[in-house]
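Trainee: take a look and give me a structure for this.
(chains A and B)
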Amino acid sequence: MAVQNTTGSMVGYQRRLQDYFNYKNLFNIIGWGVLALVVLFVLVPAATNGNWQPFSIWSTWTFLLDGLWVTLQVAFYSVILSMIFGVILALGRLSNNPIISVPSVVFIEVVRALPSYLIIFYAFIGLPKIGVKLDAIWFAVIGLTIYTSAILAEVVRAGILSVEKGQLEAAYSLGLRPYQTLYLIVMPQALRRMVPSIVSQLITLTKDTSLAAIIALQELTRKGQQLYQFNGNILETMFIVGMIYFVVCYILSLISSKLEVKRPR
Amino acid sequence: MDVIFENGDLFLSGFLTTIYISIFAAILSLIIGIVVAVLRVTPSGGLKVLAIVYTEFFRNTPFLVQALALYFGLPKLGLRLQFQVFGLEFNQSFVVGTMALALYTGAYVAETIRSGLLAIAPGQTEAARSLGLSMMQTLRLVIIPQAVRLVIPPLGNLLIALVKNSAVLTAIGLAELMYNASQVNNRTFRTFEVFTAVIIFYLVLTLPLGWLVSYLEKKLNPLRAIRLNLRGAR
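Mentor: Next up, the predicted model:
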């Protein structure tokens, strides 16, 4: 530019002006402006309306936390059961015997392709027809276990396949039997690599427990529904319910990212 | 079997609704995901905060809660979302269902795209810059072609998850496959036939998609040199 050739001080002055209004700063100013507008016109009105009043009463919270307890129970039982079945299915899929491996593959592929909601609902509707009488919580656990075990089976299989072949060869040449190789050499290494994926699946599972609300299980989402039908403040209630799930899931995802960093590469 | 054929029109219309809402929501969620991912990697402070809040909130709360809140909450704010376009009627369930699915999946799409961009080794950018390419050229010629390869298979998985999640929209009264099947079941009590049919319908939708994804995965990233560590919505 012509200005640059006249005086040095002008150039410095212009540079500083340019720096101040460069595109980064402009983006930043626009960004914070948008954020301020959102806070001013969405968050402030949302936070100051009278619909939050029910949450100043302790019994509202105990009502919701009862639901959270059921949610956590469902998640806990489902994850334990689906870990067990997941390992069995993964070993079944890796088996050399087609009588074992074919049904495992079919089960895993079919269940993974279905909505978890369909499986829970089918368990709830279908099992009583063949004479199974249980509490609603167990139908939720059965449905979620079927779904999650198929997914964990794939995680476990990937973990087992990720163990280097040399490990197996070394184990066999040391004279270990196949099951000894599995329990002493392969599984300890595979499990360590699977931990982050398993925790991620646990997060999905925790969110999926909300689907049990549709089969009238008294868990967190169902309690939230009852609460807003009583108080007539759906957005606020569902926000609080969502935040409770958020806290649980966020703690799990923090654990997951911690474990991921520690994993040796 | 006769239950299925007698109510064939209900099954078929539910099946089509599931397909339509999946297509609409997939396109919307891709747009949302790209915008949010760009906001998260640009140096804009305020918008970055919004993008982070959005992704973390929608990824860590159940889809059912979001769908219920949107469906019953938006009319309370005075928003009635139903309209007719070209003689096609989009009712409240369909519009809000599409929005909810798109918002939920969009958060995952954003994370997928972001981690795809971040997975490109910084040496690539540095090399491109030192060869004299401008920032836009670097993005256009070096980073995006590599990122797209990495991102397409996980996006395919998200599409499958989206189709599966659409079943939850039964709870807001959207007449998709699951909802219509429940209606038939309530009327006829032929649970096993009805739900076997539903299972087959979902398999017809999701299994080929799954095969396509694994084919693309092998085709696009044969070495799997860079593993994307993603939390899928599945």
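Trainee: quick check: mean pLDDT of the one helix or strand A:R192 maps to?
Mentor: Secondary-structure assignment from DSSP states H and E places A:R192 in helix A:187-208. In this model, helix A:187-208 has a mean pLDDT of 87.
Trainee: report the buried residues of that helix.
Mentor: Residues A:187, A:190, A:193-208 are the ones in helix A:187-208 that count as buried (16 or more other CB atoms under 10 Å in any protein chain shown). For glycine as for every other residue, the C-beta is placed from the backbone atoms N, C-alpha and C.
Trainee: is A:G159 in a helix, a strand, or coil?
Mentor: Reduced to three states with DSSP: H, G, I helix; E, B strand; the rest coil, the structure at A:G159 is helix.
Trainee: where in chain B is pLDDT low?
Mentor: B:43-44, B:87-88, B:222-234 (pLDDT under 70).
Trainee: for it, longest helix please?
Mentor: helix B:8-41 (DSSP state H).
Trainee: and the angle for the very next helix or strand once past that helix with helix A:187-208?
Mentor: Downstream of helix B:8-41, the first helix or strand assigned by DSSP H and E is helix B:45-59. Calculated by axes from the mean of the first three to the mean of the last three CA atoms, to 10 degrees, helix B:45-59 forms an angle of 90 degrees with helix A:187-208.
Trainee: look up the closest residue to A:Q180, ignoring the ones flanking it.
Mentor: Nearest residue to A:Q180 in three dimensions, chain neighbours excluded: A:A171, at 7.6 Å (CB to CB, 6 or more residues apart in numbering or on different chains).
Trainee: near that neighbour, how many residues? Count them for me, please.
Mentor: 18 (other CB atoms under 10 Å in any protein chain shown).
Trainee: next up, the contacts around it.
Mentor: For A:A171, the contacting residues are A:Q180, A:T181, A:L184, A:I185, by CB atoms under 8 Å, 6 or more residues apart in numbering or on different chains.
Trainee: report the angle between the helix or strand encompassing A:I151 and helix A:187-208.
Mentor: Secondary-structure element containing A:I151, defined by DSSP H and E: helix A:136-161. Put simply, helix A:136-161 runs at 140 degrees to helix A:187-208, going by the same axes, to 10 degrees.
Trainee: next SSE downstream of helix A:136-161?
Mentor: Assigned by DSSP H and E, the successor of helix A:136-161 is helix A:165-173.
Trainee: hmm, back to that, pull up the gap between the residue nearest to A:Q180 and A:P188, please.
Mentor: 12 Å (CB to CB, to the nearest Å).
Trainee: likewise for A:L118?
Mentor: In terms of CB to CB, A:L118 sits 36 Å off from A:P188.
Trainee: could you do A:Q225 as well?
Mentor: Between A:Q225 and A:P188 the distance, using CB to CB, works out to 44 Å.
Trainee: and if you look at B:V49?
Mentor: 42 Å.
Trainee: quick one: neighbours of the residue nearest to B:L133 when sequence neighbours are not counted, just the number.
Mentor: Once flanking residues are discounted, B:L133 sits nearest to B:L141: 6.6 Å by CB to CB, 6+ apart. Neighbourhood size, B:L141 [other CB under 10 Å]: 12.
Trainee: helix/strand/coil for the closest residue to B:Y202 other than its chain neighbours?
Mentor: Closest residue in space to B:Y202, ignoring its immediate chain neighbours: A:L114 at 5.4 Å, by CB to CB, 6+ apart. Assigned by three-state DSSP, the conformation of A:L114 is coil.
Trainee: A:L114: how many residues sit nearby?
Mentor: A:L114, neighbours per other CB under 10 Å, totals 21.
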